[in-house]
Structure formats: C-alpha cells, structure tokens
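> My questions are about this predicted structure, shown below with the sequence.
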There are 2 protein chains.
Amino acid sequence: MDKQAAGSQSRASPRQLRRTTIDDIARAAGLAKATVSRALNGRDEVHPTTRERVLQTASELGYVPQAAAHALRTGRSRCLGLLLPSVQWPWLVDVLQGVADAVSDAGYTLLLFSTAKGEQTEREFVAKVLPSRPMDGLLLIVPPGLIPSIRDLAAHGLPVVVVDDRGHPAELPSVSSANHQGALLATRHLLGLGRRRIAVVAGPMDYGCCRDRLSGYREALDEASVAFDPSLVVDANFTMAGGRTAVASLVARDPTIDAVFAMNDLMAIGAMDVLGDRVPTEVSVVGFDDIAAAELTRPQLTTVHQPLYEMGQTAVSLALDAIEGGTTVQQNVMLPTRLVVRDSCGGQQGDQ
Amino acid sequence: MDKQAAGSQSRASPRQLRRTTIDDIARAAGLAKATVSRALNGRDEVHPTTRERVLQTASELGYVPQAAAHALRTGRSRCLGLLLPSVQWPWLVDVLQGVADAVSDAGYTLLLFSTAKGEQTEREFVAKVLPSRPMDGLLLIVPPGLIPSIRDLAAHGLPVVVVDDRGHPAELPSVSSANHQGALLATRHLLGLGRRRIAVVAGPMDYGCCRDRLSGYREALDEASVAFDPSLVVDANFTMAGGRTAVASLVARDPTIDAVFAMNDLMAIGAMDVLGDRVPTEVSVVGFDDIAAAELTRPQLTTVHQPLYEMGQTAVSLALDAIEGGTTVQQNVMLPTRLVVRDSCGGQQGDQ
DNA sequence: CTGTTAGCGCGTTCAG
DNA sequence: CTGAACGCGCTAACAG
C-alpha cells in the first residue's frame, strides 16, 4: 500500500507538496538512485553525459538535498555551533558577524546558543544539546568555568575552538588577540603623555585575557622604570557600572591618579562618567576592545583595537580545518592588536 | 585509519565511541525499540513499570536522542531560523537575545542567518538553505525586498513570522511595536517644549515602520495645529553618517529648525554630532529605538523605547504556535512603545 | 499494553 | 561505469 500515491491528497489542508527527492530525479532521468547520488556528490566516476543529464533534471525538478537525511546518513550536518554568554556584550557582535559570514561562505549553517539565562542553560547544553550532535564543530566564547566539561566532548571527537580566552592551558585550538601587546601599547601611550600614576580597572582575573593585559601593563611600567603599585589595580566586572564604582573608590582613596587603563571599553566609559571634565586634561583614560560605542563618547575613547570580526572568521576556519581535514590540528592563533588614539588621553596624535 | 579500534574498549570505558541508541537500551532492558521509543516520547500509553525501566536504563547508558534521525523520521527538526541583515545594527542585538532565550526555553535550537554579505547571500538562502528544511519555522528581520520570495515558502507550509516591519500587506504573522504611537509621543514632547520647526530625519520610506513614524509625527502636528512642512523631512539610511549629512544639509538651507525627530537613534546621534552645543538649548533632538548607546551620548538621548527583547520573545512564541498548533494562525502583534526622556531635548522632565 | 514490520531520504557497499 | 540492495536511528503503522 503506498501512501505515497501522490495523486490522492489525503489531507484537505494546503500542506506542502511532496519534496522532490533523488528518487524522483532518478526516475525522471531513467537512472538509479545511486547513480544520481554519485553524480550529485561527485564521489565516484560517473560518465560525463550521465552526470550532465542528472544535473539537468535535478535543476529542472528544483531538487535540493534534504539536510536531515544527509546528516543521518553521513553523520555530518554541515552545522557549526557558537556558544556565547550574551549577545548584548558589545564586543561580541563583531565576532558574531565574522563567524556568521564565514560560516555562510563555507556553505555551513550557524547554530547559536546563548547561556545568558544562567548555569541551568549551560548544563542543559552540555548534557542534552551537544550529545544530540546537531553540529560538526563548536565555537566557544565563555567564562572559564564551562571549559572543563567541554574538553571532555572535544576528546570524544567534536572539534572545538575557543575564542578570546586562552587562559586555560592551551589544550584546545583557540583564537585570541595580542592582549599583552595591546596593554603594552596602551600603557606606553599613557607614559609617553607623562602620566605616572596609572590606575588599572581590571576584569576578572580568572580570564586569561585579563592576566595578559595586566602583564602588558606591567611590562610598560618596567620599561619606563615606574614602580608597579598594586593599590592602583582594582577589580571590576567588565560593565559600565562596575567601571564607575571602581574608579570612584579609586580616586577617593588616591587623588594622585592621573590615568586609567580599563581592561574593556565599557569600564573605560564608566570611568569617564565618574571623572567627568577631568578627562582628558587631568586624567587620561584608555580602554580595550574598540567597540562601536568608543566613538560615541565625548571625548571619544582612545582604546586598543581588537580585530574582532577577523577573530570570528579565523575561529570558523580553524574549526572547518579540524572538521574537513579530519585531523584535530592543535592550533592557537593570535591576531595583532593596535592602539587607536582618539581624544580621551589628551596630548596630540601619536604612537600607533 | 580504523575507527573501529576503539570499539575494543567501548564496553569497559564509560566513554563509548559508538553512541548509545534506542536499540541499545531496548536490548539492555529486554524490550522492543518501539516500546522504548514510546516510553521516551510519552506518545502512546506505556505501562508505568516498563516506562520506569526504560527511563532507568536510558539514563544509565547516557542515552541522548540523535537530532538527525529524529528530524528525518518526523519531518521536524525543533530548529527555528532567524534571518537578519547584520547583527551590527545595534537595535537588533536585543531582539536577538530575546529570540535566543525564548528558543532555548522552548527546547529548540536557533539557526542564525545573516544577509550582511548582500543579495547573493539572500538568494542562496531562499534557493538552497530554506528548501533543505533545516528548520521548522522562520523569523524574518529584513528589508522589504526579500519578502515576496519568502511568502511563497510560507504558502508551502513553513511558518514565517516577520519582525518589526509590517509595511507589507499583513499577510504574514508579525511582531511590531507601536511606531505611530511612539512618533506621536516624541513629537508631542517636542511641541510641549515649544518647538515648532521640527525636522524629520527619516529612514527609507519603503519600510512600514518609517511610514508609521511619519504618520505619528503628522498627527501630533495636527493636534497642535502646526502645519506640516514637507521641506522639513529628509530621507536618510538609518546610519550615523546618514544622520549627519541629512541634518547638515537641513540646517544649511533652513536655520529656523528648532528640533529634530530622527527615526532611529543612530541618525539622532549623527544629528547631535552636527548640531554640537546647540543641543539641547537651541535645538532638541529625539531618537527612536532606545539602543544601549542612547545613554552614552552627552547629552544623553531622549528617545522612543521599543520593547526589542520582548519583540524577539513574542516572535518566537508566534512561530511556535504555528508549528505546534499546526494551524497557520494569522496574527499580528503590536507591542507598546514609550518615550524615554533624557537630556537631548532640554526643558524639564515631562510627559509619559 | 507491547512486539513486528516498514520506511523517512540519502550514501555506500556489493554485483554486474 | 551503473544498478540493486542495505542501513544510518528513529517513529508510525499495524497486529497480537
């Protein structure tokens, strides 16, 4: 009994027409399914004439391979997953766009997972979503905490690429930017302007990027023979509000501060908020990331540019290499940063 | 070379290479695949004891259903697609987060497609990605141009929800915000401040939202018996740069302008750039969207708040209704807007 | 209530 | 070079 009998619409509703399958095109071309499959995928040798006939009727019938069937049979879905905390972190959108474009260029589909809803979401992701294997590779932009459970999955054969934070022993392929170098440039710039009491508004120190940025700061200080003063470093949480309270308490207890190096732009903006008119004449402020908003503040924010879009692209190509090359090539790519001088430090154009 | 090799230890080690299938758990529990499937999905009546046994051994074996197989068999993938121009439009990230959270809450997976790379990408999406059916429903945030081809797909049974722009005859389910009302509130606010020469920096008029915002502006003018002057309306493209040039040319040819209503925040910020110190004393500026950056400018931008996150959530639930209800319920949801008074208009706190 | 039997659409053995 | 089978993992028809 064939419920396939296309003629009889058992349902009255205007449901979709039956999709054309390789079987349809085989019948139309007077060939076998197998031949059609081969011609379409170019896997085996097929007679040029036959191949042409297949391609012809395939396009006539408007054939499009069915993702689910292909995935079931081959075990690969041509999907890439991206796990991130929240798209509302401004620097993330550029990475995301880079990922999205690269994924699309490669003929893949992007699966987006946000853990904004908290740890519950993370656990579910690791326990349920991941093992259902809806993706061939996974890009990770997450706080350090989640990584261990992910590493297990990587060990089971899922290519994983970590973006932005290689604070963890670099066991996983990763893409980061030159955090140390960026902080070095920023601090040198401040020192070049004559600043000596340079406060640091730090991010959480379990982030590798934060540790690297701090070491860059210290290296610049060393170069200039300025002593490192731990009391000038205050921890915050990457938010504007965090930057505000950090700087407020900082200047309250030490009025000699003449510069602020914030480990991201949001905190730098918060700092400028608190400092008000003292920026840039009395106090210089420099940020990190170069998010779009850095041009919106008055004065415009001098900051360390991270090649976020390119980081996204690179992460994708690393994952694709691992997937298509089959090899889990261990690779840790670091992209350069550069200082973008705007108005929040005073002085004239300089550096680079 | 031999991926089978690991099979030797697959029994002893808890990290089996071969994924456990419904078949494994059937064998382990001494039941048939079908029974296991029923117990797991709760579709048919299963004896409580049996069900318990199945659940038990399933969790012992660490069973997780395989997405591809389920999708092939059922025809549904529990995936929702989101098509958008570029995540770099600031207002979009809030919508995106709302979508991402709601999709995840529903136990679905989010597929993200960006057409930032241009029309080429759009065509490929409609021609290749969509018909491969990797998703059960599609959320659309796009320029008006793409809609027609999408409507065809909707007619073939794919639930589609349009976000933000219902300029097209409302044939598709949609989520929008009260654009007319928002513009009305904004313009009233300006008029209440004594402004009479209110320029409009418009977006492209093929967007329904822009037409609605213009009509709101005009209604407020009518209420106040202020004549509508077409020469005060200038088209721009939703960007900061566009806002700058629009306002520059506007004030050049008409120095009497005492307010600017920009149809989005980016253009409003561009306007403030050009107007400089004249804001807010001589010229008031009001925007639309209430993006995060609206609080970053000095003066802070007074603007019309759109419930972007909620719009994303709502779009998802509309799509889910259509998918799970089976019915293509025609629904057009409009969420309220409100005026957020900050500093860019001068005067005192007022209004709504 | 449960087991048996068929496929979903595709790629990949095997024969010919 | 092509065709006929088989099966990926799962659910939906029928029996029993």
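Nice, thanks for sending it over. Numbering: from 1, shown residues only, chains lettered A, B, ... in the order given.
> Show me what residue A:111 bridges to in the sheet.
Bridge pairing for residue A:111 (DSSP bridges) gives the partners residue A:81, residue B:111.
> per-residue pLDDT, it?
pLDDT for residue A:111: 98.
> Which parts of chain A are strands?
Listed in chain order, the strands of chain A (DSSP state E) span A:79-84, A:109-114, A:137-140, A:160-163, A:174-177, A:198-202, A:233-235, A:259-262, A:284-289, A:302-305, A:332-335, A:338-340.
> what's the most buried one of those strands?
Ranked by mean neighbour count, the strands of chain A are led by strand A:259-262 with a mean of 31 (mean count of other Cβ atoms under 10 Å in any protein chain shown). From N, CA and C alone the C-beta is placed, and that goes for glycine too.
> on that earlier part again, compare the strands of chain A and give me the one nearest residue B:191.
Residue B:191 lies closest, by Cβ to Cβ, to one member of those: strand A:284-289, at 39.1 Å.
> quick one, the closest one and strand A:198-202 angle?
30 degrees (axes from the mean of the first three to the mean of the last three Cα atoms, to 10 degrees).
> Provide a list of residues in contact with residue A:205.
A:211, A:214, A:235 (Cβ atoms under 8 Å, 6 or more residues apart in numbering or on different chains).
> do you know how far the first one is from chain B?
Shown here: residue A:211 relative to chain B, a distance of 28 Å by Cβ to the nearest Cβ, to the nearest Å.
> Run a quick neighbour tally on that residue.
17 (other Cβ atoms under 10 Å in any protein chain shown).
> Show me chain A divided up by domain.
Domain assignment for chain A, taken from automatic domain parsing, gives A:3-65, A:77-177+A:308-335, A:179-305+A:338-351.
> show me where chain A has helices.
A:22-29, A:33-41, A:48-60, A:67-74, A:90-105, A:119-124, A:147-155, A:179-192, A:208-223, A:240-253, A:265-275, A:308-324 (DSSP state H).
> Check whether the shortest one comes near chain B.
It refers to helix A:119-124. Yes. Applying Cβ under 8 Å from any Cβ of the partner chain, one finds helix A:119-124 in contact with chain B at residue A:121.
> what pLDDT, on average, does that helix get?
84.
> For that helix, list every residue counted as buried.
Going by neighbour count (16 or more other Cβ atoms under 10 Å in any protein chain shown), the buried part of helix A:119-124 is A:121, A:122, A:124.
> again with the first one
Judged by neighbour count using 16+ other Cβ under 10 Å, the buried positions of helix A:22-29 are A:22, A:24, A:25, A:26, A:28, A:29.
> next one: stretch A:33-45
For stretch A:33-45, by 16+ other Cβ under 10 Å, it's A:35, A:36, A:37, A:38, A:39, A:40.
> check the residues you listed against DNA strand D, which are close?
A:35, A:38 (Cβ under 7 Å from any atom of the strand).
> Out of the buried residues of stretch A:33-45, the closest to DNA strand C would be?
When the buried residues of stretch A:33-45 are compared for distance to DNA strand C (Cβ to the nearest atom of the strand), residue A:37 wins out at 3.7 Å.
> Hmm, the closest one is touching residue A:23, no?
No. With contact defined as Cβ atoms under 8 Å, residue A:37 and residue A:23 do not form a contacting pair (10.1 Å).
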